[in-house]
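Enquirer: Predicted model and sequence below, questions to follow.
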Amino acid sequence: SGGMHQCSDLTIQLHSLCVGLMRSGDLRQWTNAHINYDWIGNALLACFTVATGDGWHNVLFQGLDSAGQEGPDQNSNLLAILFFVALQMAGFIFVSKLLLAV
């Protein structure tokens with residue numbers, strides 16, 4: 001859990017460096033992404049977002065960059081592509097069959 005956390009200062013990538021103040025004077029905070037898989041409700045929302053195709057690329061990029069507790073690492077989780085594309089295709093097939101059945 002916690003693989004989609006990031007620093008509020010987007011120039012900082014590591015959890016251990018996310019301390020102090022930003023240049024704007026705001027406090028740096030280690031926060032979780034809005035759509036994540038840490039709680040069943042958020043996981044269902046993420047899967048629904050991917051399956052419907054509405055903003056699914058944002059969830060895809062967050063999943064690709066998730067590298068564990070220490071912080072995001074660009075394109076570190078390449079197997080996530082298979083999950084997100086398969087979920088997107090399954091959602092498309094489900095919706096298309098639902099519309100054709102009516």
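Expert: On my side now, so go ahead.

Enquirer: The residue nearest to the spatial centre of the chain: which element?
Expert: Nearest to the geometric centre of the chain sits Q62, at 3.3 Å (Cα atoms, centre = their mean). Element membership for Q62 (DSSP states H and E) is helix 56-65.

Enquirer: Show me how far that helix is from its chain's centre.
Expert: Centre-to-centre, helix 56-65 and its host chain are 5 Å apart (Cα atoms, centre = their mean, to the nearest Å).

Enquirer: hey, where'd the strands end up in the protein?
Expert: For the chain, applying DSSP state E gives strands covering 5-7, 30-32.

Enquirer: Kindly point out the strands partnered with the first one and how each is oriented relative to it.
Expert: When you say that, I think you mean strand 5-7. Strand 5-7 has the following strand partners under DSSP bridges: strand 30-32 (antiparallel).

Enquirer: what about the helix holding Q62, average pLDDT?
Expert: In this model, helix 56-65 has an average pLDDT of 86.

Enquirer: about what we covered before: most tightly packed of the strands of the chain?
Expert: With neighbours taken as mean count of other Cβ atoms under 10 Å, the strands of the chain reach their highest mean count in strand 5-7, at a mean of 20. Backbone N, C-alpha and C define where each C-beta goes, glycine included.
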